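Q: Okay, here's the prediction I keep looking at, along with the sequence it came from:
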Amino acid sequence: MKGIFRSIGISYKEAPVELREIVSLSENETRSILQFVKDQGVCQEIIIISTCNRTEFHYFSDIDLSDQLIGLLCITKGFSPKNDITSYFKKLNGELAIRHLFRVSLGLEALVIGDMQISNQVKRAYQWTADAQLAGPFMHRLMHTIFFTNKRVVQETPFRDGAASVSYAAAELIEELTANIHNPSILVIGLGEIGADLCRNLTKLETENVVICNRTLAIAEELAKSCGFKVLPFGELEKGIKEAHVVVSSVNMSSPLINPALIEKAGGIDAFKFFIDLSVPRSVSNDVDQINGAFVYNIDHIQSKVTEVQDSRLASIPLVESILEEALVEFDEWDKEMIVSPTIHKIKDALEAIRQEELTRYLKNVNDKEAEIIERVTKSMMQKIIKLPVLQLKAACRRGDPENLIEILNDLFDLEKNPVK
């Protein structure tokens, strides 16, 4: 198969968040770039993966398109290609690029090892590529091999078990605490990195009553719009605390924001209320735990759970990489066999042409039943004749030297005159 699989991208390993967010692509921006690539014939197969931790182009081409793709990204995001950020992009070719995409998709390259979100993000990226008709035979086979490998990792290892980030663990805790509450009310105060990630994870909960509160109202409104949540002005914090079953605080303050005086001002606690403190320093004071009906969980409770999960995931990495190696070998064998695929088709076409010619000559004076038997027998003979050349071609691919056998078969069956159907 003509061409090389290549990748060009930037991730948390090469650049800080301030630079990554500049090149992060929305769905509309990604689809726009894909459409341009399609319309202009930049390349035939490409997938774009853009998350908070990475923006990467993976494509199949016989030439290096790094400059063109970075240029497209810069135009889409509105800055000059000469911007210093372009020096952070990393290029990979061939087997290294394929291996990298596998590792990214499985969560081995994630900031939070084994991140469960990346698999869904890659699937969405593949869907957008398919929608743009930029996924050919190579990309389809590659992505489906990746998805099958991911399924094996989930089924055969503990690599994806449990919550391995503070925000995800907090969302799991909230789900546990509110399991017996109908349509629980959840208040999230503070939208730093952890608070914003928590909101995204809370979209999976079966509740329509999540309220977010932040000092900068515009930030809260933007996140609420993308998550489908409600917004509470910071000046109405007491009202939000009074109405919530669960109060999550991730604000950065020198002294606790939530204390007994604030809770009393909010009307106290009628029955019970859960407080989850994700801040360092703490934003829920120790005294709150002494109030009847108040249950306080701090960052240490959640971090201990995260640490256990992370240790389990790190221990399972060798098993995951073993599964990955098996998948890479399988894909490499398929890729090599694509070299001989045209020859196999030509042999089949040549033999079928001979069969049809002979059938036309000898079936004139036979009845339908005899014709059916002859059809079945000749097809079976043809399949047995072609079986050995096909096996030998595939074996030659695995050895890495199919060219000589292709040449011999071309001469033997005069294949050059038979175009591939």
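A: Looks like it came in fine.
Q: how about the helices in the stretch 201-350 of the chain?
A: Using DSSP state H, counting those that start in this stretch, the helices found in the stretch 201-350 of the chain span residues 217-227, 237-243, 260-265, 299-362.
Q: for the shortest one, packing partners?
A: Going back to what we said before, that points to helix 260-265. Secondary-structure packing of helix 260-265 (3 or more C-beta pairs under 8 Å, 6 or more residues apart in numbering; DSSP states H and E): helix 237-243. No exception for glycine: its C-beta is placed from N, CA and C like everyone else's.
Q: Please point out which parts of the helix it packs on sit buried.
A: Judged by neighbour count (16 or more other C-beta atoms under 10 Å), helix 237-243 contains these buried residues: 237, 239-242.
Q: cool, and stretch 169-189?
A: So, applying 16+ other C-beta under 10 Å, buried residues of stretch 169-189: 169-175, 177-178, 184-189.
Q: about what we covered before: can you redo the helices of the stretch 201-350 of the chain as a markdown table with distance to Ile33?
A: Formatted as a markdown table, the helices of the stretch 201-350 of the chain follow (distance: least, C-beta to C-beta, whole Å):
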| stretch | distance to Ile33 |
| --- | --- |
| helix 217-227 | 21 |
| helix 237-243 | 40 |
| helix 260-265 | 48 |
| helix 299-362 | 26 |
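Q: I'd like to know which of these is closest to His140.
A: For the helices of the stretch 201-350 of the chain, proximity to His140 was assessed by C-beta to C-beta; helix 299-362 is nearest, at 11.2 Å.
Q: Tell me the helices and strands packed up against the following helix or strand past that closest one.
A: Once helix 299-362 ends, the next helix or strand along the chain (criterion: DSSP states H and E) is helix 368-399. Under the contact definition 3+ C-beta pairs under 8 Å, 6+ apart, helix 368-399 sits against helix 299-362, helix 403-413.
Q: any idea how far Phe102 is from Val231?
A: Counting by C-beta to C-beta, to the nearest Å, the gap between Phe102 and Val231 amounts to 40 Å.
Q: who has more neighbours, the two?
A: Shown here are Phe102 and Val231; by other C-beta atoms under 10 Å, Phe102 has more neighbours (22 against 17).
Q: What mean pLDDT does the strand or helix carrying Ser167 get?
A: Using DSSP H and E, Ser167 sits in helix 166-177. Averaged across helix 166-177, the pLDDT comes to 88.
Q: how far does it sit from the chain's center?
A: On the basis of C-alpha atoms, centre = their mean, to the nearest Å, helix 166-177 is displaced by 22 Å from the centre of the chain it belongs to.
Q: Could you do stretch 197-210 as well?
A: Relative to the chain's own centre, stretch 197-210 is displaced by 21 Å; criterion: C-alpha atoms, centre = their mean.
Q: Also stretch 109-121?
A: Taking C-alpha atoms, centre = their mean, one finds stretch 109-121 lying 7 Å from the centre of the chain it belongs to.
Q: now stretch 210-221
A: For stretch 210-221 - counting by C-alpha atoms, centre = their mean - the centre lies 29 Å from the chain centre.
Q: repeat for stretch 269-287
A: Stretch 269-287 has its average C-alpha position 35 Å from the chain's average C-alpha position, going by C-alpha atoms, centre = their mean.
Q: Quick one: mean pLDDT for that stretch?
A: This predicted structure assigns stretch 269-287 an average pLDDT of 88.
Q: May I have the distance across that stretch, first residue to last?
A: Stretch 269-287 has an end-to-end distance of 14 Å (criterion: C-alpha to C-alpha, to the nearest Å).
Q: Pull out the buried positions in it.
A: Neighbour-count burial for stretch 269-287 flags 269, 273-279, 282-285 (criterion: 16+ other C-beta under 10 Å).
Q: Tell me the one of those residues nearest Ile63?
A: The shortest distance between Ile63 and any of the buried residues of stretch 269-287, using C-beta to C-beta, involves Leu278 and amounts to 48.2 Å.
Q: quick one on the thing from earlier: with mean pLDDT added, can I get the helices of the stretch 201-350 of the chain in CSV?
A: Written out in CSV, the entries for the helices of the stretch 201-350 of the chain read as follows (pLDDT from 0 to 100):
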stretch, mean pLDDT
helix 217-227, 91
helix 237-243, 92
helix 260-265, 92
helix 299-362, 83
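Q: Point out the most buried one among those helices.
A: Relative to the other members of the helices of the stretch 201-350 of the chain, helix 237-243 carries the highest mean neighbour count by mean count of other C-beta atoms under 10 Å, namely a mean of 18.
Q: name the helices or strands packed onto it?
A: In this structure, helix 237-243 packs against strand 186-189, strand 210-214, helix 260-265, with contacts taken as 3+ C-beta pairs under 8 Å, 6+ apart.
Q: please redo it, this time with the cut-off set to 6 Å
A: In this structure, helix 237-243 packs against no helix or strand, with contacts taken as 3 or more C-beta pairs under 6 Å, 6 or more residues apart in numbering; DSSP states H and E.
Q: what does that helix rub up against?
A: For helix 237-243, contacts defined as C-beta atoms under 6 Å, 6 or more residues apart in numbering pick out 185, 187, 211, 213, 232, 247, 265-267.
Q: Make a markdown table out of the residues you listed and add distance to Arg152.
A: As requested, the contacts of helix 237-243 are arranged in a markdown table below (distance: C-beta to C-beta, whole Å):
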| residue | distance to Arg152 |
| --- | --- |
| Ser185 | 40 |
| Leu187 | 40 |
| Val211 | 41 |
| Cys213 | 43 |
| Leu232 | 44 |
| Val247 | 41 |
| Lys265 | 55 |
| Ala266 | 50 |
| Gly267 | 53 |
